[in-house]
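A.B. asks: sequence unknown, structure follows:
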Ligand SMILES: Nc1ncnc2c1ncn2[C@@H]1O[C@H](COP(=O)(O)OP(=O)(O)OP(=O)(O)O)[C@@H](O)[C@H]1O
């Protein structure tokens, strides 16, 4: 197998202290150590730059049918995934490779048939899991089943792995994106992602005429190089051996791990292998370890321009490792033989009574084995490297010893602190123990006391029970006698009860009868009283009614009469009024028709207030003129056929005279003075007769008026009387009402009494019932007793 091309690159992530490293072209100096790489990418290097340097040659190769491997090595967080898959909107090497492949395929396609396939899987604890196969029932989860590696014609392949043919870059990116997204879903613990190797395989097959070629690029995001997981350590170790073998053209030992088995197929033919180491200089240890791993490789370009990586110290390293193992074995053997010899010597010394100085024996006389070791060690040709390694190891050892010392100090301090804490705790435990003992004692005492008390109580209960038992035994012994006496007592009781019952029944029936009689008597009496009272009331009412009706009839007749007269007078009054109104309204304004007005009943001269119309009309027509002192009215004589006037001192009567009024009134109003009688004597005589008649009439009228006054008074009296009668009637009504109330009360009483009577009857029934029940009980008891006695 010819030596193959392996390229080592380094990518440096930022550091807190840039002073600890420096980059000089292909040399990376870190803490005074120098490491050589094909290219070094600083933190300023872009993803595109890295692609140009690492990715592009790989794409060139696979387009020519040469396989390629790209390994990303480094500790967790160093940036492996970032370089391969990108992040934060930055495409990684994988995307850029695919983009380039598709671009080139597009150019080649008119001439060639190009087929691009993609597969992805991860190796977790030496188990392969497909990253493109989803669960049939859940499109958001991968099928976790483990895939097996199989061989066909000497070529290893993964059985059942999903290989997707890709027609466009978009599809490819989508598959990668989905794989990446879903890969994170199943396990939320992000750390676990750094414990698996993730592999992407792109195969580009080309066919032109009958010539076909295919190149596969395998991109591996290796697990955390600092992991302690045995499977990861094994894989990395085997990978390193593989790389070494590749350099030297040895048969690649691909059987050591799953990853190397998978990579073996690529390596068998021409293959360009690129390893991109990642260091995060902020972490000293991981950075150093990664650099140490890379240091196992030393690259140089040969004269012909072809590149090869030669492991300069590989042979020495292998030998050193072997020798170291031998040294360990020999040391072990020495120790064992020394122990055996020491034991033998000591035993021998004891037998002969001599104390053997073992140190003197072994110190001055080193064994053959030691010499042989020295010879071996001296014979190692790679001493220089071992020394440098030793130096590094010493430095590390020193550091470690410092750390160890610090740790020891810390441990001592801790021990002291712990000792004091333990002491305090012990003291506490002691006091707690004492307290527990005290408490125990107290509890025991209490329990003892309680037990004593309880036993005493139980003892007393026992005694009392014993006494009771004795008593009961005595009772049992006397039981037949007592039962006999009880039976006789019971019989007596039954007889007595029978007697008592009959007596009680008699008494009750008597009482009941008495009660009933009393009730009926009372009710009868009350009824009689009420009837009598009602009768007398009725009689009184009848007498009163008849009296009232007679009285009222009489009074009514009288009132009627008076009313008639009053109506007559009133009508007259109305006539007068009407006449005056007519005069006033000028119904007689032609002045030709004489009108005779007969004034019957004007006891006083027409007053302005009483006869406003008459007064007004007389005044306006000049019939009346006011006297000087306004005490009487003078009537103009020209208007009358005859003047009938009589004056007293301060009064005026123009009554019971008929006079004529002519309209329109004379132009000249002649004032008539009552004392000046200028008329003729005959006429005066006639007037006197008339006056007498009128006076008689007036007297009659006066009589009537007096009568009417009397009648009025009588009417008032009747009214008063009717009021009184009404009052009396009301009182009578009250009386009847109260009597009715009394009757109702009595009825209620009667009802109560009948209720009580019913109650008594019920009581009686109950007593009879209980009597029957008692009899049943007594009979059953009797039967029991008889049985017992028998
Ligand atoms: N050169 C860089 N520039 C910017 N960001 C970076 C760089 N390298 C790494 N990162 C960021 O650091 C974080 C860790 O990086 P990444 O996941 O690539 O590390 P890793 O080596 O793959 O770790 P693991 O092995 O744990 O998966 C990511 O968020 C990534 O975006």
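C.D. replies: Received, thanks. Small disclaimer: the values here were computed from a predicted structure and weren't measured. Numbers count the residues shown, from 1 in each chain.
A.B. asks: name the helices or strands packed onto the host helix or strand of residue 768?
C.D. replies: Taking DSSP states H and E as the criterion, residue 768 maps to helix 681-789. Secondary-structure packing of helix 681-789 (3 or more C-beta pairs under 8 Å, 6 or more residues apart in numbering; DSSP states H and E): helix 383-585. The way it works is simple: take the backbone N, C-alpha and C, and place the C-beta from them, glycine included.
A.B. asks: which residues sit in contact with residue 29?
C.D. replies: 21, 22, 23, 35 (C-beta atoms under 8 Å, 6 or more residues apart in numbering).
A.B. asks: Return the distance of it relative to the ligand.
C.D. replies: 20 Å (C-beta to the nearest ligand atom, to the nearest Å).
A.B. asks: Close to the ligand: what parts of the stretch 501-650 of the chain are there?
C.D. replies: Residues of the stretch 501-650 of the chain lying close to the ligand (C-beta under 6 Å from any ligand atom): none.
A.B. asks: With adjacent residues omitted, what lies nearest to whichever residue of the stretch 501-650 of the chain sits closest to the ligand?
C.D. replies: The minimum distance from the stretch 501-650 of the chain to the ligand, using C-beta to the nearest ligand atom, falls at residue 501 (110.6 Å). Sequence neighbours aside, residue 771 is the residue nearest to residue 501 in space, at 5.4 Å (criterion: C-beta to C-beta, 6 or more residues apart in numbering).
A.B. asks: my read: the one you found touches residue 502, true?
C.D. replies: No. Using C-beta atoms under 8 Å, residue 771 is not in contact with residue 502, being 9.6 Å away.
A.B. asks: which one of those two has more residues nearby?
C.D. replies: Between residue 771 and residue 502, counting by other C-beta atoms under 10 Å, residue 771 is the more crowded of the two (17 against 11).
A.B. asks: Can you get me a residue count around residue 697?
C.D. replies: 14.
A.B. asks: what about it, distance to residue 703?
C.D. replies: 10 Å (C-beta to C-beta, to the nearest Å).
A.B. asks: Buried members of the contacts of residue 29 into ChimeraX, please.
C.D. replies: Buried subset of the contacts of residue 29, written as a ChimeraX selection, criterion 16 or more other C-beta atoms under 10 Å:
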select :21,35
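A.B. asks: Can you list the low-confidence ranges for the stretch 1-150 of the chain?
C.D. replies: Within the stretch 1-150 of the chain, the stretches with pLDDT under 70 are 1-4, 15-19, 135-140.
A.B. asks: quick check: mean pLDDT across stretch 516-532?
C.D. replies: For stretch 516-532, mean pLDDT is 77.
A.B. asks: the domain parsing of the protein - what is it?
C.D. replies: The chain breaks down by automatic domain parsing into domains covering 6-304, 324-474, 481-536+728-789, 557-725.
A.B. asks: Which positions in this structure make contact with the ligand?
C.D. replies: So far as C-beta under 6 Å from any ligand atom goes, the chain lies against the ligand at 13, 74, 76-82, 87-88, 193-194, 224, 278.
A.B. asks: Identify the farthest-apart pair in those.
C.D. replies: 88 and 224 (21.0 Å; C-beta to C-beta).
A.B. asks: Between the two, point out the one with more neighbours.
C.D. replies: Using other C-beta under 10 Å as the criterion, residue 88 and residue 224 rank with residue 224 on top: 21 against 5.
A.B. asks: contacting residues for the more buried one?
C.D. replies: 75, 76, 194, 195, 232.
A.B. asks: Tell me how many other residues surround residue 432.
C.D. replies: 11.
A.B. asks: Also the one 3 residues further on?
C.D. replies: Using other C-beta under 10 Å, residue 435 is surrounded by 10 other residues.
A.B. asks: Renumber starting at 731 from here on
C.D. replies: Sure thing, new numbering starts at 731, so read that last one as residue 1165.
A.B. asks: Contacts for stretch 885-902, please.
C.D. replies: Stretch 885-902 has contacts (C-beta under 8 Å, 6+ apart) with 828-829, 832, 845-849, 851, 858, 860, 862-863, 877-881, 905, 991-992, 994-995, 998.
A.B. asks: Just the buried ones from the residues you listed, in PyMOL syntax?
C.D. replies: Buried residues among those (16+ other C-beta under 10 Å), as a PyMOL selection:
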select buried, resi 828+829+832+845+846+847+848+849+851+858+860+862+863+877+905+991+992+994+995
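A.B. asks: Just confirm residue 840 is within a helix.
C.D. replies: No. Going by DSSP: H, G, I helix; E, B strand; the rest coil, the assignment for residue 840 is coil, not a helix.
A.B. asks: Pull the number of nearby residues for it.
C.D. replies: Neighbour number of residue 840 under other C-beta under 10 Å is 6.
A.B. asks: I'd say residue 969 and residue 990 touch.
C.D. replies: Yes. Taking contacts as C-beta under 8 Å, residue 969 lies within contact range of residue 990: 6.1 Å.
A.B. asks: Which single residue of the stretch 1131-1280 of the chain ends up nearest the ligand?
C.D. replies: With C-beta to the nearest ligand atom, the shortest gap between the stretch 1131-1280 of the chain and the ligand falls at residue 1133, namely 25.7 Å.
A.B. asks: what residues are up against that residue?
C.D. replies: Residue 1133 touches nothing, counting by C-beta under 8 Å, 6+ apart.
A.B. asks: Which two among the contacts of residue 759 are spaced furthest apart?
C.D. replies: Greatest spacing in these, by C-beta to C-beta: 752 and 765 (11.3 Å).
A.B. asks: For the stretch 1231-1380 of the chain, give me the ranges with low pLDDT.
C.D. replies: 1296, 1299-1380.
A.B. asks: Just the ones in strands from the contacts of residue 954, please.
C.D. replies: Assignment to strands by DSSP state E places none of these there.
A.B. asks: Next step: those restricted to helices.
C.D. replies: Among the contacts of residue 954, DSSP state H puts residue 962 in helices.
A.B. asks: Surely residue 986 forms part of a helix?
C.D. replies: No. Using three-state DSSP, the assignment for residue 986 is coil, not a helix.
A.B. asks: Just the buried residues of stretch 853-869, please?
C.D. replies: Of the residues in stretch 853-869, 853, 854, 858, 859, 860, 861, 862, 863, 864 count as buried by neighbour count, 16+ other C-beta under 10 Å.
A.B. asks: Where does the third one sit, in terms of helix or strand?
C.D. replies: Read that as residue 858. Using DSSP H and E, residue 858 sits in strand 857-860.
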